[in-house]
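# Below are the sequence and a predicted model; questions follow.
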Amino acid sequence: MFVRFVSIGYLCYLVLLVPAIVAQAQLTAPWWTPVAVFAIFGSGAALGLESFRSVTRIKRVAAVNALAYPVVVALWFVAWNGAPASPDDSLWFTLFPGVASFAAVAAWRPRWAVVHMLVAVLLAQSANHVVREAPFSSFLAPDLAFALTFCSLFLAAAVVALGTGRTLDDTIATTHATAAAAAAAEARNAERERFDALVHDRVMSTLLAAARRAPQDSLVQQARRAVDEIDELRAGTDIRTRIDAGTVLARLRSAATEVDEDIAFTVRVDPDCDGTPFPPEPVSVTAAAVAEAVRNSLRHAGSNATRTVDVDIAPRRIAVQVVDDGKGFDPDAVDPHRLGLEVSIRGRMRQLDGGRAVVESTPGAGTRVMLSWQEPAA
């Protein structure tokens, strides 16, 4: 966003300065003006275009643009033919040295951007000084003071703006990492509880039975069940933790009605689901995403909006749609840093193997959040 602002600044200056560029071309060798326009404004346009293509190359393009300005101004002294300029006009490139220093802010550390500004202003105002006839040639000191003061204010604002942006990016990245760590910790706790229960209910009871010299047949069966459950836990196929379609439906309904107890709930369950168990993780993740979708609808759809949850359960598949007829919004205009939509809905489902989340909405036409999970093929 920052380099787009810089690129737009170059475009505005180009439009405003075309008459001056054409008029002052007679002061230099024929090659200098097209080279200068291409190097300064061309690299400025490339900087804006690069922001839509590759974030990783922005700093390099910004550095090229920042260096182009002092190089072009230095070449002006070589290309100048000695003709004086009008005392009422400044050389066209002396009107925006700060814009090039903005590109330097994007490319380098602040201290080097300050050095760039000092060099750019000194070169530009020196050119303005030598091209003028007396008595206007004595204005170098006040011109330098004004240009440095003017550019310094905006350069400082640019440094603060980029620093604030970096802080915001770091904060958002930390928040996402914290949310992911919390989810991982919750999963580890659940796994630890399962393991503790297995150790207590199977392993320790088997060892205790062996210590008490229980009948060999029952002891062997008990030990075999303990070993089988340990294998299931290790392979992630613990059948006892899987739940049936009715329980899946109950959890989804509970997640939605805990947020909005008046929400309409429609259900379609494939008859083939009888006896087909579902793993608990996609059920809990989908239920949490449903709750967040309903919560978002309550907050943003409007007081008169109505909401429905449509659940479709099939073997090895869960699909849920949360629909409202409220205000709606433009999904492309939503800040990607909004945690409710990006982390609590899309992020949850994206981290789920086989999970998917799609948000469809139009201003004034309501919102549809589609959540689905398909068990991957073994």
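On my side now, so go ahead. Model, not experiment: these values are computed from the prediction.

# Domain boundaries for this structure, per the record?
As recorded under automatic domain parsing, the domains making up the chain are 2-172, 245-374.

# And the shortest one, end to end?
Which is domain 245-374. Terminal residues of domain 245-374 lie 14 Å apart, using C-alpha to C-alpha, to the nearest Å.

# so how far is Ala319 from Ser361?
Distance of Ser361 to Ala319, computed by C-beta to C-beta, to the nearest Å: 18 Å. The C-beta positions use only the backbone N, C-alpha and C, and glycine is treated the same way.

# And for His129?
For His129 relative to Ala319 (C-beta to C-beta), the value is 73 Å.

# follow-up on the earlier one: in CSV: the domains of the chain, plus mean neighbour count, mean pLDDT and distance to Leu208.
Formatted as CSV, the domains of the chain follow (neighbours: other C-beta atoms under 10 Å; pLDDT from 0 to 100; distance: least, C-beta to C-beta, whole Å):
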stretch, mean neighbour count, mean pLDDT, distance to Leu208
domain 2-172, 17, 85, 52
domain 245-374, 17, 84, 29
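
# for the ones you listed, which one sits closest to Arg224?
Checking those against Arg224 by C-beta to C-beta gives domain 245-374 as the closest, at 21.8 Å.

# how about the helices in the stretch 1-150 of the chain?
2-24, 32-37, 43-50, 58-79, 97-107, 110-131, 140-198 (DSSP state H, counting those that start in this stretch).

# Could you list every helix and strand in contact with the fourth one?
Other helices and strands packing on helix 58-79, by 3 or more C-beta pairs under 8 Å, 6 or more residues apart in numbering; DSSP states H and E, are helix 2-24, helix 32-37, helix 43-50, helix 97-107, helix 110-131.

# Could you do the last one as well?
Packing partners of helix 140-198 (3+ C-beta pairs under 8 Å, 6+ apart): helix 2-24, helix 97-107, helix 110-131, helix 216-235, helix 339-341.

# possible to save those helices as CSV with distance to Ala39?
Formatted as CSV, those follow (distance: least, C-beta to C-beta, whole Å):
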stretch, distance to Ala39
helix 2-24, 11
helix 97-107, 11
helix 110-131, 14
helix 216-235, 64
helix 339-341, 43
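
# For Thr206, which of these is the nearest?
Using C-beta to C-beta, the nearest of those to Thr206 is helix 216-235, at 5.0 Å.

# average pLDDT for that closest one?
Average pLDDT, helix 216-235: 70.

# Determine the next helix or strand in the C-terminal direction from that helix.
Sequence-wise, the next helix or strand downstream of helix 216-235 (DSSP states H and E) is helix 245-259.

# Quick one: residues in contact with that next one.
With C-beta atoms under 8 Å, 6 or more residues apart in numbering as the test, helix 245-259 has contacts from 243, 263, 265, 267, 269, 273-274, 276, 278, 283-284, 286-288, 290-291, 294-295, 298, 309, 311, 313, 318, 320, 322.

# Please tell me how far Asp260 sits from Thr308.
Relative to Thr308, and taking C-beta to C-beta, Asp260 is found at 10 Å.

# That should have said Ala365, apologies.
15 Å.

# re the thing from before, the domains of the chain into CSV, with extra columns for distance to Thr178?
Below are the domains of the chain laid out as CSV (distance: least, C-beta to C-beta, whole Å):
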stretch, distance to Thr178
domain 2-172, 10
domain 245-374, 10
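
# between those, which gets nearest to Ala211?
Taking the domains of the chain one by one with C-beta to C-beta, domain 245-374 is closest: 33.9 Å.

# Many thanks, we can stop here.
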